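>>> sequence below, structure please.
(one chain, ligands or ions: 1)
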Amino acid sequence: MRVTALGSADAFFSAGRGHTCWLIEDDKGAYAVDFGATGLMALKRLRFDPDRLQAVHFTHLHGDHIGGWPFLLVDAVHRSHRTAPLIASGPPGTRDRLHALWAACYRRAAEKPLPFPLTVHELRPGESAALAGREVRALAAQHMTPPDIALSLRIGDIAFTGDTGAIPDGLCDGARLLCAECTYLSQDSDRHLAWERLRKMKLPPLMLGHAGSEVREAGVKVCDDLDFLEL
Ligand SMILES: [Zn+2]
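Residues are numbered from 1 along each chain as shown. Okay, the predicted model is just below:
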């Protein structure tokens with residue numbers, strides 16, 4: 001298994017890095033978790049064929065996590081002429097939001113059916129589904145104000161924080177790896193809990209983005225764009 005940080009920054013492109021996006025290649029194929037505005041560009045830099053993506057799982061619907069969706073679709077429709085099925089998942093509201101984003105960017109294309117099967121699954125916290133051959137479990141993340149819902153995700157034995165608030169109970173139980181954003185790895189007292197808990201976990205967490213020297217310690221890999229880990 002290979003886990004690549006396609007984008008390793010926060011919403012602000014900190015340190016000149018891309019929006020958050022993870023690429024996971026395993027024995028079943030490949031999927032992405034979140035797909036910020038720079039996701040497709042990063043795939044192209046890797047020379048990774050976007051049509052190989054079986055699924056894109058969104059933790060929440062902020063722009064830095066979904067902004068790359070219309071570019072993924074326009075590449076599939078107008079360049080590669082994708083025929084392979086694609087699965088998307090995310091919190092309630094994902095289906096409408098993804099379509100609105102697609103229509104806002106490419107109105108004419110969005111008026112036509114896609115040339116490949118797209119299935120969108122909406123998951124509430126506590127729900128799970130078998131998607132593209134992998135068990136996807138949604139946990140409540142402390143990031144958005146109701147009715148908007150943010151998720152942390154557990155996909156197989158890999159855990160994803162979404163944006164880093166406190167890590168949900170159970171997210172990392174038995175996980176081989178935690179892929180964590182680091183927007184809130186600051187001195188803010190509420191959010192600092194996330195980092196304090198990360199430090200105690202017997203996991204090799206991948207850290208996104210602009211973390212400073214305070215996270216340079218054993219078991220923590222601070223990622224730049226396109227950095228990867230083999231498991
Ligand atoms: Zn967010």
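>>> what's the distance between the residue of the chain found nearest the ion and F35?
Across the chain, no residue is closer to the ion than H62, which sits at 3.5 Å (Cβ to the ion). To be clear about C-beta, it is placed using only N, CA and C from the backbone, and glycine gets the same treatment. Counting by Cβ to Cβ, to the nearest Å, the gap from H62 to F35 is 12 Å.
>>> counting neighbours, go ahead and name the busier of the two.
Between H62 and F35, counting by other Cβ atoms under 10 Å, F35 is the more crowded of the two (30 against 20).
>>> so the more buried one sits against L61, correct?
No - with contacts counted by Cβ atoms under 8 Å, F35 stays clear of L61, the gap being 11.5 Å.
>>> just for this structure, where's the confidence low?
Across the chain, the ranges flagged by pLDDT under 70 are 164-165, 182-219.
>>> which residue ranges form the strands in it?
Listed in chain order, the strands of the chain (DSSP state E) span 2-7, 21-26, 29-33, 53-57, 86-90, 118-122, 128-131, 134-140, 151-155, 158-160, 177-180, 206-207, 221-222, 228-230.
>>> between strand 2-7 and the second one, find me the angle.
Regarding strand 21-26 and strand 2-7, their directions subtend 170 degrees when assessed with axes from the mean of the first three to the mean of the last three Cα atoms, to 10 degrees.
>>> contacts for strand 21-26 next, please.
1-7, 30-36, 38-39, 42-43, 46, 48, 68, 134, 155-156, 158, 160, 179 (Cβ atoms under 8 Å, 6 or more residues apart in numbering).
>>> one more: the fourth one?
For strand 53-57, the surrounding residues in contact (Cβ under 8 Å, 6+ apart) are 28-35, 69, 72, 84-90, 131-134, 136, 153, 155, 160.
>>> got it, and the third one?
Applying Cβ under 8 Å, 6+ apart, the external contacts of strand 29-33 come out as 6, 21-24, 39, 48, 52-59, 132-134, 153, 155, 160, 179.
>>> make it 6 Å
W22, L23, I24, R52, L53, Q54, A55, V56, H57, F160 (Cβ atoms under 6 Å, 6 or more residues apart in numbering).
>>> could you do the last one as well?
Strand 228-230 is contacted by residues R2, V3, T4 when judged by Cβ under 6 Å, 6+ apart.
>>> now do the contacts for I155.
Counting by Cβ under 6 Å, 6+ apart, the residues that I155 touches are R134, V136.
>>> which residues does it bridge with?
V136, I158 (DSSP bridges).
>>> quick one: name the residues of the chain near the ion.
H62, D163 (Cβ under 5 Å from the ion).
>>> just the helices in the chain please.
39-46, 63-66, 69-74, 94-105, 107-110, 189-200 (DSSP state H).
>>> which of the ones you listed sits closest to T119?
helix 94-105 (9.7 Å; Cβ to Cβ).
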